[in-house]
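[1] With the sequence up front, the predicted model follows.
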Amino acid sequence: MDIQYYGANCVTITYKGVRIVVDDNLNELGGKSIVKADDIVLYTGPHADDAPKGRLMFDSPGEFEVADISLVGIPERLHIDEDGLRSTMFKIITNDLSVLVVGHVYPNINEDQLERIGLIDVMIVPVGGSGYTLDPLGALKLIKEIEPKLIIPTHYGQAGINYPVPQTDLQTALKELGMESREQSGKLKLKPADITDAAQLVVLEKS
């Protein structure tokens, strides 16, 4: 499994030739869409009607199968909402690994959601805060509840991304998380043997 980060909450997860693109709204943030015609596209929250859709697009709760990959969409409250469940956390399951893409959720999850999330190897979680998405403390709360083995932070302040509201910079976020990065890499090539009992944080450089 390969994981790459493109800025904001946009990541790609590639497994056995299938590329999943998550939350590609880069063209709304001063960047350029990375979606290709054959991609599987996931959106964890509301998106524009003309947002890139690839070969298949999923943006709601449910259970889906694509080749050798299982997708589980788990409903959750959007961070900026007072109530309702307009966000979807996506669990991506392969024969070897499980990945949870959190999205811009409210930092409270219930027992039913935790049960559906289950065991997670990799958790991809925003940390930029400012009332728009999870801040480091909210992210840390979910990390402690879900107990992933590997954490990849996203949606922090960085050059080339024009957020609607300023986002916490990476170093400040890492300090508030109280975690040191294991490594910084442009592409994470992940094997089951890389997963350890102790939680690790990996910062991915923007591709």
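    Cool, got the structure. Worth saying up front: this structure is predicted, and the values here are computed from it rather than measured. Residues are numbered from 1 along each chain as shown.
[2] what packs against the helix or strand harbouring Val202?
    According to DSSP states H and E, Val202 maps onto strand 200-204. Counting contacts by 3 or more CB pairs under 8 Å, 6 or more residues apart in numbering; DSSP states H and E, strand 200-204 packs against strand 2-5, strand 150-154, helix 170-177, strand 181-185, strand 187-189. In short, each C-beta sits where N, CA and C put it, glycine included.
[3] now could you export just the CA positions of the longest one as PDB?
    Read that as helix 170-177. This file holds the C-alpha atoms of helix 170-177, laid out as PDB (Å, rounded to 0.1, in the frame of the first residue of the first chain):
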ATOM      1  CA  LEU A 170       2.500  21.700  11.300                       C
ATOM      2  CA  GLN A 171       5.100  22.300  14.000                       C
ATOM      3  CA  THR A 172       2.500  23.900  16.300                       C
ATOM      4  CA  ALA A 173       0.100  21.000  15.700                       C
ATOM      5  CA  LEU A 174       2.800  18.400  16.400                       C
ATOM      6  CA  LYS A 175       3.700  20.200  19.700                       C
ATOM      7  CA  GLU A 176       0.100  20.300  20.800                       C
ATOM      8  CA  LEU A 177      -0.300  16.600  19.800                       C
END
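[4] Pull the residues that contact it.
    Under the contact criterion CB atoms under 8 Å, 6 or more residues apart in numbering, helix 170-177 has outside partners 127-128, 135-137, 139-140, 143, 153, 156-158, 168, 180-181, 201, 203.
[5] cutoff 6 Å now
    For helix 170-177, the external contacting residues (CB atoms under 6 Å, 6 or more residues apart in numbering) are 127, 136, 140, 156.
[6] quick one: which of these is most hemmed in?
    Counting neighbours by other CB atoms under 10 Å, Val127 comes out on top of these with 27 neighbours.
[7] how about it, what does it touch?
    Residues in contact with Val127 (CB under 6 Å, 6+ apart) are 136, 139, 153, 156, 173.
[8] Quick check: Arg86 touching Arg77?
    No: contact criterion CB atoms under 6 Å: Arg86 and Arg77 do not qualify, at 7.4 Å.
[9] got the contact list for the residue nearest to Leu97 when sequence neighbours are not counted?
    Distances taken as CB to CB, 6 or more residues apart in numbering place Asp121 nearest to Leu97, at 4.8 Å, with adjacent residues excluded. Listed by CB under 6 Å, 6+ apart, the contact set of Asp121 reads 97-98, 149, 195.
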